[in-house]
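Chemist: I need the structure of the sequence given here:
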Amino acid sequence: MSATGAPTRRPAALVWLRRNLFRSPLDSLLTIVFGAVSIWLIYKTLSFIFITGRWEIIRVNLRLLMIGRFPEAHVLRLAITVVGLAGWGGLLAGFIRGRQIRSGRVADDRFTLSRVLDIAVRLSIPALLVLLLLTLAQTPGPWIMTGAAVVAAIIGRAVGPFLGRHTFGPAGAAVIASVLAAVPVALYFYVVTAVGFDDWGGFMLNLFLALCSIVLCFPLGVLLALGRRSALPLVKLVSTAYIELIRGAPLFVLLLLANVALGFFVPDTLAPSTSTRAIVVFTLFTAAYMAEIIRGGLQSVPRGQLEAAKAVGLSPVRQMGYIVLPQALRNVIPAQIGQLISLFKDTTLAGIAMGLFELLNVAGALPAQADFRGQGLIGETITFAALMFWVVSYTMSRESQRLEKRLGVGDR
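Modeler: Numbering: from 1, shown residues only. Next comes the predicted model:
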C-alpha cells in the first residue's frame, strides 16, 4: 500500500516472473537449477565457437564440404546454375505475385516498409549463413557468384509481375508454363552432362537428393492416398499393401538393399548410379508416409463438401481436384513439411549405407587428414554440418508456418 492508501502497482516484468517462474517453492527451485544449467551451456557454446574452437579445418576444406570432389574444371557450371536458379526463382515469385494482383487477391506490388522488414526477417538466418560461408571462402569466386545470384533474383522478381498481369490465352499459358518448367530441367542437364552423379558430393549432394525426392514423392503420395480410398478393390489392395510394406521397413535397410542387392538382379551395365538409387529409395519411402498424411487430410474434409460438389454437377475428377484435395492438402501442411524435413535430414543415411560422399561423410573424414590427424577436431566438423542442416530445416519450418498463417490453417 502507498502512503495514500492506494494499492502499489508492481512492474509488469516482476508480475510475469512471479506468475511464470517463481509461483511456488518448487517452481523457484526448478527455475534456479535450470537457469544455472542454461547459463553454463550458453557459456560453453559461446566459448567453443569464439575461443576454443579451431575452425581452420573448416576454412581449408570448405570446398570439399560444400561440393565434395566436384571437378575444378566444371565449377563454373555450378556457379552459372546457381545464378540461373536465382533468376528463375525471382521470376517465378514475381509471376505468381502478378497473377494474384490480376485476380484481385493482392492490391499492388509496392515494397512498403512492412514488406521489406518481413522479407529481411524471413531471410535473416539463411543470409547470415551465406555471409559466414563467404567469410570462410579463400577465393573471390563465391562472392562474385553470390552477387550475380542476388542481381539475377532481383531482376527476375521485377520482371515477373509484368508477365503475371498479362492475359494469356490457352496457348500462351502453355508456353509460359513450359518455359518456367524447362529452365531448372535445362540447368540440371547442363551440369549432369559434364559431371555425373558419382562425382557429386558435399552439401550439394544432400540438397540434390532431398530436392529430387521431394518433387517425386509428393505426386506419388497423393496417388497412393487416393488409391487407398478407392472403391476399386484391386487398386485399394495394391495401394494398401505398398504403403504398409514400405512403412514397415527401415529406411537404412532399403538403402542397403538398393546398394548391394540390386547387383544380383540387374547387370552392372544397366544398373543406375548410386545417387539415382538413393533418390528412388527416398522417393518410394517418403511417398508411403506422405500417402498416410494426405489420407488423414482427406478424412478431415467434411462430407458435406463432397455432397455439395455432387449437387452442382461436378464430375468425380473435378470433385476431388477442385473441392476435396485442396482442402485436404491445406489441413495437413504441418505434417507434410515435417515429413519433408525428415527426408532432408535422412539424406545423411545415404552416406553410411551407400558410401556417398555427402556432407556428414565428409565431416567425419576430415579429421583424418594428415594436417589435422590426432587433434580431436571432429567437434568442429560435426558442428558445421549440424549448422548447415539446421538452417535449411529451420527455414523450411518457418516458411511452412507462414504458409499456414496465410491459408488460415486451424482457423474456422
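Chemist: What are the buried residues along the strand or helix carrying Q401?
Modeler: Q401 belongs to helix 378-407 when assigned by DSSP states H and E. Buried residues in helix 378-407, counted by 16 or more other C-beta atoms under 10 Å: 380-381, 383-385, 388-389, 391-393, 395-396, 400, 404. Where you see a C-beta, it was placed from the backbone N, CA and C, and this is true even at glycine.
Chemist: For the residue lying closest to P272 once chain neighbours are set aside, give its distance to L359.
Modeler: Leaving aside its sequence neighbours, P272 sits nearest to V280 (C-beta to C-beta, 6 or more residues apart in numbering; 7.5 Å). Distance, V280 to L359, using C-beta to C-beta, to the nearest Å: 21 Å.
Chemist: More neighbours: the two, which one.
Modeler: Each of V280 and L359 has its neighbours counted (other C-beta atoms under 10 Å); L359 has more, 27 against 17.
Chemist: and the more buried one, what does it touch?
Modeler: 65, 202-203, 205-206, 348, 351, 385, 388-389 (C-beta atoms under 8 Å, 6 or more residues apart in numbering).
Chemist: nearest residue to it other than its sequence neighbours?
Modeler: The shortest distance from L359 to any non-neighbouring residue, by C-beta to C-beta, 6+ apart, is to F203 (4.4 Å).
Chemist: For G379, give me its contacts.
Modeler: 48, 53.
Chemist: begin at 472 from here
Modeler: Sounds good: first residue 472 from here, last item G850.
Chemist: and it, what pLDDT?
Modeler: Note for G850: predicted pLDDT of 92.
Chemist: how near is it to S518?
Modeler: In terms of C-beta to C-beta, G850 sits 12 Å off from S518.
Chemist: Correct me if wrong: E875 contacts A806.
Modeler: No - counting by C-beta atoms under 8 Å, E875 does not reach A806; the two are 11.2 Å apart.
Chemist: Near the nearest residue to L562 once chain neighbours are set aside, how many residues? Count them for me, please.
Modeler: Nearest non-adjacent residue to L562, counting by C-beta to C-beta, 6+ apart: G627, 3.5 Å away. By the criterion of other C-beta under 10 Å, G627 has 20 neighbours.
Chemist: helix or strand for G627, which one?
Modeler: Using DSSP H and E, G627 falls in helix 612-636.
Chemist: So for that helix, what gets flagged as buried?
Modeler: 613, 616-617, 619-620, 623-624, 627-628, 630-632, 634-635.
Chemist: Let's have those in CSV, adding pLDDT.
Modeler: What follows is the buried residues of helix 612-636, written out as CSV (pLDDT from 0 to 100):
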residue, pLDDT
P613, 93
M616, 95
T617, 95
A619, 96
A620, 96
A623, 95
A624, 93
G627, 91
R628, 89
V630, 87
G631, 84
P632, 85
L634, 79
G635, 76
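Chemist: which one among those gets closest to C683?
Modeler: A620 (21.0 Å; C-beta to C-beta).
Chemist: so that closest one touches V554, yeah?
Modeler: Yes - contact criterion C-beta under 8 Å: A620 and V554 qualify, at 4.9 Å.
Chemist: show me what contacts G672?
Modeler: Per C-beta under 8 Å, 6+ apart, neighbours of G672: 535, 538-541, 827-829, 833.
Chemist: Over to M675?
Modeler: Per C-beta under 8 Å, 6+ apart, neighbours of M675: 537-539, 541, 549.
Chemist: What is the three-state secondary structure of it?
Modeler: Here M675 is recorded as helix under DSSP: H, G, I helix; E, B strand; the rest coil.
Chemist: what's around L831, how many residues?
Modeler: L831: 23 neighbours (other C-beta under 10 Å).
Chemist: and the gap between the residue lying closest to it once chain neighbours are set aside and L563?
Modeler: For L831, ignoring the flanking residues on the chain, the nearest one in space by C-beta to C-beta, 6+ apart is T819 at 4.3 Å. As for T819, its distance to L563 is 29 Å (criterion: C-beta to C-beta).
Chemist: now swap in W511 and tell me
Modeler: Taken as C-beta to C-beta, the span from W511 to L563 is 47 Å.
Chemist: what about the two, which has more around it?
Modeler: A count of neighbours by other C-beta under 10 Å puts L563 above the other of W511 and L563, at 17 against 10.
Chemist: Quick one: mean pLDDT for the helix or strand hosting that one?
Modeler: Applying DSSP H and E as the criterion places L563 in helix 546-574. The pLDDT scores in helix 546-574 average 88.
Chemist: Going by neighbour count, which residues in it are buried?
Modeler: For helix 546-574, a neighbour-count test (16+ other C-beta under 10 Å) marks 548-550, 552-566, 568-572 as buried.
Chemist: what's the answer for stretch 656-666, then?
Modeler: Neighbour-count burial for stretch 656-666 flags 658, 662, 666 (criterion: 16+ other C-beta under 10 Å).
Chemist: what's the answer for stretch 744-754, then?
Modeler: Residues 745-746, 748-754 are the ones in stretch 744-754 that count as buried (16+ other C-beta under 10 Å).
Chemist: do the same with stretch 515-534
Modeler: Going by 16+ other C-beta under 10 Å, stretch 515-534 has these buried residues: 524, 528-529, 532-534.
Chemist: Redo these as CSV? Include secondary structure, pLDDT and distance to N730.
Modeler: What follows is the buried residues of stretch 515-534, written out as CSV (DSSP: H, G, I helix; E, B strand; the rest coil; pLDDT from 0 to 100; distance: C-beta to C-beta, whole Å):
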residue, secondary structure, pLDDT, distance to N730
G524, coil, 87, 35
I528, helix, 94, 29
I529, helix, 95, 29
N532, coil, 94, 26
L533, helix, 94, 29
R534, helix, 93, 27
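Chemist: For F753, which residues are in contact?
Modeler: F753 sits next to 680-681, 684, 688, 722, 814, 817-818, 821 when contact means C-beta under 8 Å, 6+ apart.
Chemist: Please, which helix or strand holds it?
Modeler: Using DSSP H and E, F753 falls within helix 745-771.
Chemist: distance between that helix and the chain's centre?
Modeler: In terms of C-alpha atoms, centre = their mean, to the nearest Å, the centre of helix 745-771 is found 15 Å from the chain centre.
Chemist: got it, and stretch 516-524?
Modeler: 29 Å.
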